[in-house]
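In: could you work out the structure for the sequence below:
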Amino acid sequence: MSTGAGAGVEPEPETDDGYETVFNVEVFSDRELRVEVVGRDDDAPTSGASRKRRREEDKGDDGEDIDSSCTVTSRPVLRVETIYVSAGILAAKSSFFYKLFSNGMKESGQRQATVRISDSEEKAFMELLRFMYSGKLTATTEPIPLVDILMAADKFEVVSCMKLCIQRLMVLPMTPESALMCLDLPCSISMAADLTEAAKKFLAERYMEFLSTEFQDELMRMPPAGIEAILSRNDFGVASEVAVYDFVLRWASSPCPNSEERMDISSSRLLPLVRLRITNADFYSCHTVNWAVKREQCRSLPTLGPIFSWEEYVFALSVHWVGHLGLYIEMEENKGPTRTVHFEFQAKTKPLLQFVTWHKGTFAAGCEGAVCSMELLGIPWSGFIADDSPFFIDDMLHLRVKLKIMQEPQ
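Out: Residues are numbered from 1 along each chain as shown. Modelled structure (predicted):
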């Protein structure tokens, strides 16, 4: 793409196979391709990661599944298109269709073959079929349609089309959306390494000042691969490490359909990118405690929660009603020096079923009995305990406490 990574890439020239005039013409075709177009699962996430999982499932466990109709059977068929094709032309371009038409099974000898695709793949699939007849792609200056075609070409194993798509993408201007799609390319596209590298470079340069307020809304919606590319390639100084750490925590806890997955990814993939480069940071430890309280327990407050140890300290959680619902954290035991602890109290709510931060602040951890508390929800008792309360999910109140010890200056 226009990031400079395309320099030295050898172009894959288009060819004129001369068969475009007989595409979808019955008299010149020996097969009928029955294309079932299915809708998207309403409950399925639409992120790049989910698209990647679906593409991998389309090939089966061993990568040899040749009947794509079996991959999305749980989704409704929106429409069926019949396309007249030549088995020889498709088999010459596509390993998928070669296996479909010659695997020796009963279906391989039948005139009609079935392929099932999602509605989001339909335009790219039709463009791919035309490519196999003509050796050409429709001219476009938009990178996203080309990425869609590239993914379709990978799914149906049309190597010549994959090469041409990558060659075109390397010279087109990149956008944030197309860059994220390039990061989501399946590992089977080994020839896309330069394209993926260009996408990482583009994101890192675009969001070089990713801590500024200008990009916060945009970045909070970005999938993990994009955040990982930005963090791994931006050489933020030690003075910014705590700000970067807080940025990752904000991203992990921001409202999204897969918030639990974000928390796991931030711990396993993103936070290490910050921690591994710290030489004199202001923090050195963090801890998260999840606590689920039954509705019946809330009717007989106070309720004592888990006792947990962290570093040299032992803490206990409890919930009280003192004119409002309060969550308390109390130090039970101390074997270390006094340190400042940053805390964040969260509760999971309906309908999004995501943790929402209700209060944050600091307290001094160093003497037994030290307590911090919060007005957790700020609503009257009747509204909190009601059957339609947004705070009870399957009769459970889900609470989360996030703690971070800050190292005191010397």
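
In: and Q112, what does it touch?
Out: Residues in contact with Q112 (C-beta atoms under 8 Å, 6 or more residues apart in numbering) are 31-34. Placement of C-beta: from N, CA and C, glycine included.

In: ChimeraX command for the buried members of those residues?
Out: The following ChimeraX line selects those of these that are buried, judged by 16 or more other C-beta atoms under 10 Å:
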select :31,33
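
In: out of the contacts of Q112, the closest to W291 would be?
Out: R34 (53.8 Å; C-beta to C-beta).

In: excluding chain neighbours, what is closest to that closest one?
Out: Nearest residue to R34, sequence neighbours excluded (C-beta to C-beta, 6 or more residues apart in numbering): T114, at 4.5 Å.

In: can you tell me the element that neighbour falls in?
Out: strand 112-118 (DSSP states H and E).

In: that strand: how far from the chain's middle?
Out: Mean C-alpha position of strand 112-118 versus that of the full chain (C-alpha atoms, centre = their mean, to the nearest Å) differs by 28 Å.

In: what mean pLDDT would you report for that strand?
Out: For strand 112-118, mean pLDDT rounds to 92.

In: just after that strand, pick out the following helix or strand.
Out: Using DSSP H and E, the helix or strand that follows strand 112-118 in sequence is helix 122-134.

In: got the angle for that next one vs strand 112-118?
Out: Angle of helix 122-134 versus strand 112-118, following axes from the mean of the first three to the mean of the last three C-alpha atoms, to 10 degrees, is 140 degrees.

In: for helix 122-134, output the C-alpha coordinates as PDB.
Out: Taking C-alpha atoms only, helix 122-134 is exported to PDB below (Å, rounded to 0.1, in the frame of the first residue of the first chain):
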ATOM      1  CA  GLU A 122     -21.700 -12.600  -2.200                       C
ATOM      2  CA  LYS A 123     -20.200  -9.700  -4.200                       C
ATOM      3  CA  ALA A 124     -16.600 -10.900  -3.700                       C
ATOM      4  CA  PHE A 125     -17.600 -14.500  -4.700                       C
ATOM      5  CA  MET A 126     -19.200 -13.300  -7.900                       C
ATOM      6  CA  GLU A 127     -16.100 -11.200  -8.700                       C
ATOM      7  CA  LEU A 128     -14.000 -14.300  -8.100                       C
ATOM      8  CA  LEU A 129     -16.000 -16.400 -10.500                       C
ATOM      9  CA  ARG A 130     -15.600 -13.800 -13.200                       C
ATOM     10  CA  PHE A 131     -11.900 -13.700 -12.500                       C
ATOM     11  CA  MET A 132     -11.600 -17.400 -13.100                       C
ATOM     12  CA  TYR A 133     -13.200 -16.900 -16.500                       C
ATOM     13  CA  SER A 134     -11.400 -13.700 -17.500                       C
END
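
In: helices and strands around that helix, which ones?
Out: strand 31-38, helix 87-93, helix 143-155, helix 159-169 (3 or more C-beta pairs under 8 Å, 6 or more residues apart in numbering; DSSP states H and E).

In: ok, now with 7 Å
Out: If you count contacts as 3 or more C-beta pairs under 7 Å, 6 or more residues apart in numbering; DSSP states H and E, helix 122-134 packs onto helix 87-93, helix 143-155.

In: residues making contact with it?
Out: With contact meaning C-beta atoms under 7 Å, 6 or more residues apart in numbering, helix 122-134 is reached by 17, 19-20, 23, 37, 83, 89-90, 93-94, 117, 137-138, 148-149, 151-153, 156, 158, 161.

In: are any of those residues buried, and which?
Out: 17, 19, 23, 37, 83, 89-90, 93-94, 117, 137, 148-149, 151-153, 156, 158, 161.

In: so how far is L180 from I189?
Out: 16 Å (C-beta to C-beta, to the nearest Å).

In: revised request: answer the last question for Y313.
Out: Y313 is 41 Å from L180, by C-beta to C-beta.

In: cool, K404 as well?
Out: As for K404, its distance to L180 is 29 Å (criterion: C-beta to C-beta).

In: likewise for V293?
Out: V293 is 38 Å from L180, by C-beta to C-beta.

In: in contact with R250, which residues?
Out: By C-beta under 7 Å, 6+ apart, the contact list for R250 is empty.

In: any idea which element it lies in?
Out: Counting by DSSP H and E, R250 is part of helix 241-253.

In: residues making contact with the helix or strand following that helix?
Out: Remark: after helix 241-253, the chain's next helix or strand is helix 259-265, criterion DSSP H and E. Residues outside helix 259-265 that contact it (C-beta under 7 Å, 6+ apart) are 224, 252, 256, 354-355.

In: which of the residues in stretch 91-107 are buried?
Out: For stretch 91-107, a neighbour-count test (16+ other C-beta under 10 Å) marks 91, 93-94, 96-101 as buried.

In: sorry, wrong one. I was asking about stretch 287-302.
Out: 287, 289, 291, 293, 297-298.

In: next: stretch 380-400.
Out: Of the residues in stretch 380-400, 384-385, 389-392, 397-400 count as buried by neighbour count, 16+ other C-beta under 10 Å.

In: what mean pLDDT does it get?
Out: According to the model, stretch 380-400 has a mean pLDDT of 86.

In: contacts for it, please.
Out: 288, 290-295, 298-299, 321, 325, 327, 346-350, 353, 355, 377.

In: do stretch 343-350 as well
Out: 327, 329, 354-361, 363, 372, 374, 376-377, 390-391, 393, 398-403.

In: and E36, what are its bridge partners?
Out: When bridges are called by DSSP bridges, E36 pairs up with V80, R116.

In: just the ones in helices from the contacts of stretch 343-350, please.
Out: Using DSSP state H, no member of the contacts of stretch 343-350 sits in helices.

In: which of these are buried? Put it as a PyMOL command.
Out: Of these, the buried ones go into a single PyMOL selection, burial set by 16+ other C-beta under 10 Å:
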select buried, resi 327+329+354+355+356+358+359+363+372+374+376+377+390+391+398+399+400+401+402+403
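
In: return the subset of the contacts of stretch 343-350 lying in strands.
Out: 327, 329, 354-361, 363, 372, 374, 393, 398-403 (DSSP state E).
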